[in-house]
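1. here is the input, now give the coordinates:
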Amino acid sequence: MKLKNIFFLAAGLFAMASCSDDVTTPVLQLQQAAKLNTVSPAEITFTKDNSTEQFPEISWEKASYGKGAVINYEVTVTNNTTNKSTVLGETDKNKLNFTNAQMNKLLAKVGAYPGQTYDFTISLVSKAFNAYTDKAQNTVTFKATPYDPNTVNIGWNYAYVAVGYPEWDYTKAYLIGDPDGDGVYQGWVQFDDAASFAILDGKDISKVLAKGQQITADKKGFVEVKLGTDGSVTISDPTKWGLIGDATSNGWNKDTEMEYDAKTRLWTVVTALSDKEFKFRANKGWAINYGSDGSTKDGLAPGGANIKVEKAHAYIVSLNLTNAGKYTYSMKETDIELSSSSMTLPGSYQNWKPDAADAYLITSENRDFKYTGTHYFPTNTEFKMYDAGTWFGLVGKMVWNDAKTKADFVIGNGGNITLTEGGYYRVEADTKKNVASVTKTGWEVIGSATADGWDKGQLMTYDPATKKWSITLTMKDGEFKFRWDASWTKNFGGTLSALTQGGDNISITAGTYLIVLDPDNAKATVTAQ
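-> Numbering: from 1, shown residues only. As a prediction, the model looks like this:
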């Protein structure tokens with residue numbers, strides 16, 4: 001009986017191994033390639049009116065690899081004029097569906113500009129078990145004329161500020177305009193870096209109104225761009241905006257600072273206002289200011305009249321200077337108190353300049369008074385936190401954990417925060433509770449091959465001279481990856497000589513290794529010790 005049981009066990013194991021072989025190494029071959037169906041209608045002009053309608057269905061006859069094959073399809077669109085391509089989607093079905101608005105946005109990725117008609121080609125590949133990749137029997141074509149949804153409500157002449165022209169992205173371009181009809185185009189533009197740009201007619205982008213324009217590093221920021229009737233271009237100095245007036249708590253003597261949101265392209269502040277008056281002005285001076293245009297509810301004019309607050313309350317006040325030369329504001333009552341979106345960390349590493357470009361930032365994404373940011377601090381760095389005129393320093397002592405990797409402390413009207421050991425630190429602060437912390441962080445090795453598995457990473461040591469990270473670890477048979485700041489938002493895997501974001505786990509055998517990571521070049525070495 002015992003011998004019989006052993007026999008059946010062996011037979012079962014053999015059967016399991018055979019099944020495993022069948023799954024992981026299928027015997028397949030392409031029997032019939034996929035075939036794309038014609039796009040019908042094959043020509044379309046996108047508009048605001050048809051934006052919610054369905055784009056013609058992209059469909060195909062499925063490929064055949066034999067019984068039981070798991071097949072996925074990848075669909076790509078190519079702009080025949082620019083030769084740029086983008087993947088429209090992947091599916092295990094035999095069709096993809098988009099609205100006209102979705103397709104209009106996708107075509108912008110392949111260099112299709114509004115008001116211009118292009119020929120596009122759709123291609124398809126089938127993939128079976130990640131082992132076979134085969135092109136469809138055919139490709140199909142269609143014509144389309146995109147539109148810019150950001151311009152549908154503009155009823156006056158306008159122009160694009162085309163950064164990087166001729167390779168520019170209209171979906172991100174700022175607009176200047178001539179709402180007064182005097183031939184002068186003007187508007188406000190945010191430049192995050194030094195850049196070159198051209199100005200293109202909004203109704204016909206083939207018409208270049210000005211080109212070869214430059215923004216230098218010292219001019220980057222929120223600037224006014226004007227195009228004169230003679231084709232000349234003038235660019236203002238960078239500006240920051242605020243409210244001033246007896247409706248604010250600071251009166252007419254001091255600005256209530258606003259913050260710029262690059263996503264909404266609005267300057268915004270949450271503040272209490274009394275039933276008096278205020279205006280908007282730039283750089284805490286009167287050279288550039290806006291008040292009521294006197295004819296519309298929310299319209300603004302340069303040097304316009306004071307804006308009257310009808311009811312004392314807390315408001316979300318927004319300033320819109322990016323609507324192709326026509327400027328507006330809004331006031332919305334609120335009971336929600338919001339923090340700023342960021343604070344700076346001025347300190348000894350940059351000569352204590354809180355508003356300088358090299359001051360580190362910690363951000364509050366939800367504007368809930370909780371800030372975080374990760375930065376490199378040299379040895380013996382001293383710093384404080386700064387938020388729109390308010391300084392937060394160390395009150396009392398920093399309390400470090402036993403491993404000296406994290407310190408908690410109280411912030412307020414106190415002294416400098418000192419980091420005696422150089423390295424990358426994650427700085428966190430809660431300005432409602434007046435508490436903060438600093439935690440050593442950076443690149444780490446994590447995985448089943450490490451002592452703590454996938455639950456906790458092993459922090460590497462940073463060399464500021466080489467900008468490389470290293471660690472010596474005793475590893476088990478298993479896998480590992482690299483990740484940044486104890487988060488999977490940024491992680492490397494794949495091949496050591498060519499690491500990729502989100503790449504595959506890296507296999508390793510047991511042993512002690514020196515692991516060196518060069519994140520700037522996406523490379524790593526693993527050397528047995």
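2. skipping adjacent residues, who's closest to Met385 in space?
-> Closest residue to Met385 apart from its sequence neighbours, by CB to CB, 6 or more residues apart in numbering: Phe392 at 3.9 Å. To be clear about C-beta, it is placed using only N, CA and C from the backbone, and glycine gets the same treatment.
3. and if you look at Gly221?
-> Excluding the flanking residues, the one nearest Gly221 by CB to CB, 6+ apart is Pro238, at 2.8 Å.
4. I'd say the one you found and Lys220 touch.
-> Yes: at 6.7 Å, Pro238 counts as touching Lys220 under the criterion of CB atoms under 8 Å.
5. mind listing the helices in this protein by residue range?
-> Secondary structure of the chain (DSSP state H): helices at 2-24, 100-108.
6. could you tell me the least trusted of those helices?
-> Note on the helices of the chain: lowest mean pLDDT is at helix 2-24, with a mean of 42.
7. measure Gly442 to Trp241 for me?
-> Going from Gly442 to Trp241 by CB to CB, to the nearest Å gives 37 Å.
8. of these two, which one has the most company?
-> Just comparing Gly442 and Trp241: by other CB atoms under 10 Å the higher neighbour count belongs to Trp241, 24 against 21.
9. tell me who's in contact with the more buried one.
-> Residues near Trp241 by CB atoms under 8 Å, 6 or more residues apart in numbering: 222, 257-258, 260, 267, 280-282, 319, 321.
10. next: Phe98.
-> Phe98 sits next to 54-55, 58, 88, 106 when contact means CB under 8 Å, 6+ apart.
11. any of those residues buried? List them.
-> Among these, the ones that count as buried by 16 or more other CB atoms under 10 Å are 55, 58, 88, 106.
12. report the beta-bridge partners for the second one.
-> Assessed by DSSP bridges, Ile58 has beta-bridge partners Leu96.
13. so how far is Ser51 from Asn100?
-> Distance from Asn100 to Ser51, by CB to CB: 5 Å.
14. so for the two, which residue has more residues nearby?
-> Applying other CB under 10 Å to Asn100 and Ser51 shows that Asn100 carries more neighbours, namely 23 against 16.
15. correct me, but the more buried one touches Lys48?
-> No: shown here, Asn100 and Lys48 do not form a contact pair, counting by CB under 8 Å, at 9.9 Å.
16. overlap in contacts of these two?
-> Here Asn100 and Lys48 have no joint contacts, going by CB under 8 Å, 6+ apart.
17. now stretch 85-99: buried residues?
-> Within stretch 85-99, the residues scored as buried using 16+ other CB under 10 Å are 88, 96, 98.
18. ok, how many other residues are close to the nearest residue to Lys432 once chain neighbours are set aside?
-> Counting by CB to CB, 6+ apart, the nearest residue to Lys432 once its immediate chain neighbours are dropped is Phe369, at 4.2 Å. The number of residues packed near Phe369 is 17, by other CB under 10 Å.
19. likewise for the one 4 residues further on?
-> The local packing of Gly373 (other CB under 10 Å) involves 18 other residues.
20. same deal with Val445?
-> The burial count for Val445: 24, using other CB under 10 Å.
21. show me the contacts for the residue nearest to it when sequence neighbours are not counted.
-> In space, and not counting its chain neighbours, Val445 is closest to Gln458: 4.7 Å by CB to CB, 6+ apart. Taking CB under 8 Å, 6+ apart, we find Gln458 in contact with 444-446, 450-452, 471, 473.
22. out of those residues, who's nearest Val516?
-> Nearest to Val516 among these, counting by CB to CB, is Ile471 at 8.4 Å.
23. ok, how many other residues are close to the closest one?
-> Residues lying near Ile471 (other CB under 10 Å) number 17.
24. nearest residue to it other than its sequence neighbours?
-> Per CB to CB, 6+ apart, closest to Ile471 is Met460, 4.4 Å.
25. pLDDT score assigned to the one you found?
-> 96.
26. Ile446 is in contact with that one, correct?
-> No: contact criterion CB under 8 Å: Met460 and Ile446 do not qualify, at 10.7 Å.
27. tell me the bridge partners for Phe120.
-> Counting by DSSP bridges, Phe120 forms beta bridges with Asn79, Phe142.
28. Val125 now?
-> Glu74, Lys135.
29. enumerate every residue touching it.
-> Going by CB under 8 Å, 6+ apart, Val125 touches 73-74, 76, 133-136.
30. gap between it and Tyr132?
-> Val125 sits 10 Å away from Tyr132, going by CB to CB.
31. before we move on, what about Phe120?
-> Here the criterion is CB to CB. By it, Phe120 lies 27 Å from Tyr132.
32. comparing these two, which shows the higher neighbour count?
-> Legend: neighbour count by other CB under 10 Å for Phe120 and Tyr132, higher for Phe120 (21 against 17).
33. tell me the pLDDT of that one.
-> With respect to pLDDT, Phe120 scores 99.
34. again with the one 3 residues further on
-> On pLDDT, Ser123 comes in at 98.
35. residues in contact with it?
-> Neighbouring residues of Ser123 by CB under 8 Å, 6+ apart: 36, 75-76, 78, 135-136, 139.
36. from what I can see Gly202 touches Asn157, true?
-> Yes: between Gly202 and Asn157 there is a contact at 7.2 Å, judged by CB under 8 Å.
37. burial of Lys311, as a residue count?
-> For Lys311, the count of nearby residues is 10 (other CB under 10 Å).
38. pLDDT at it, what is it?
-> 93.
39. got the contact list for the closest residue to it other than its chain neighbours?
-> In this structure, Lys311 finds its nearest non-sequential neighbour in Asp275, 6.1 Å apart by CB to CB, 6+ apart. Listed by CB under 8 Å, 6+ apart, the contact partners of Asp275 are 247, 309-312.
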